[in-house]
Structure formats: structure tokens, C-alpha cells
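Chemist: Provide a 3D model corresponding to the input given below.
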Amino acid sequence: MHGYTGDKQAYLTRLRRIEGQIRGLQRMVDDDAYCIDVLTQVSAATRALQAVALGLLEDHLAHCVTEAINSGGPEAEAKVKEASAAIARLVKS
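Modeler: Residues are numbered from 1 along each chain as shown. Next up is the predicted model:
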């Protein structure tokens, strides 16, 4: 079981909403909308995806990493490194 399993439906709802935002962006470009308006919507979609990513990361830390640390051993160290790498990717994006 993954850390986000308990919130799976909420994540799916948020991702579907973001999918709708992206379709709206496509329509805006297709309709030659004003560039600043398109950029504003790109920013909103980006923030929405970042919020999902942060939620997933929090769930991962609270469930998967915590569980591995409590078990100890090399898996604990691997999970911490994995989480650190995920955080680094998020910070770069």
C-alpha cells in the first residue's frame, strides 16, 4: 500500500481538475487568447501540480519513509535518499 492510498480519490479529483485546466489552456491558445492571460493560466496549473506533488511527498514521508526508518537497516537509508532526490527534483522544477 502506498502512502497516498487513503487520499487517492482526492488526488484523482485534483488531477482531473488540472487536466481540465490544461484543456482550457489548449483552447485559449487555439482561440488566440492574449498571451498574458494564457501565462496566468499556465501559472495556475503549475501551482496546482506543485500542490499535488507536495501532498504526495508529504504522504510518502509520513508513510513509506517513516515505515522504513522504523524497520531500520539499509532500506531506511535508501528511502531517505530516495525522498531527498525527489525533493531535489521538485525544487529544480
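
Chemist: the longest helix in this structure is where?
Modeler: Criterion DSSP state H: the longest helix present in the chain is helix 35-60.

Chemist: list the buried ones in that helix?
Modeler: Of the residues in helix 35-60, Val38, Gln41, Ala45, Ala48, Leu49, Val52, Leu56, Leu57, Asp59, His60 count as buried by neighbour count, 16 or more other Cβ atoms under 10 Å. (Glycine included, C-beta is placed from N, CA and C.)

Chemist: I figured the fifth one hits Ile18, correct?
Modeler: It stands for Leu49. Yes - Leu49 lies in contact with Ile18 (Cβ atoms under 8 Å); the separation is 6.0 Å.

Chemist: which helix or strand contains the closest residue to Asp37 other than its chain neighbours?
Modeler: Closest residue in space to Asp37, ignoring its immediate chain neighbours: Met28 at 6.7 Å, by Cβ to Cβ, 6 or more residues apart in numbering. Assigned by DSSP states H and E, Met28 belongs to helix 8-30.

Chemist: give me the helices and strands touching that helix, please.
Modeler: helix 35-60 (3 or more Cβ pairs under 8 Å, 6 or more residues apart in numbering; DSSP states H and E).
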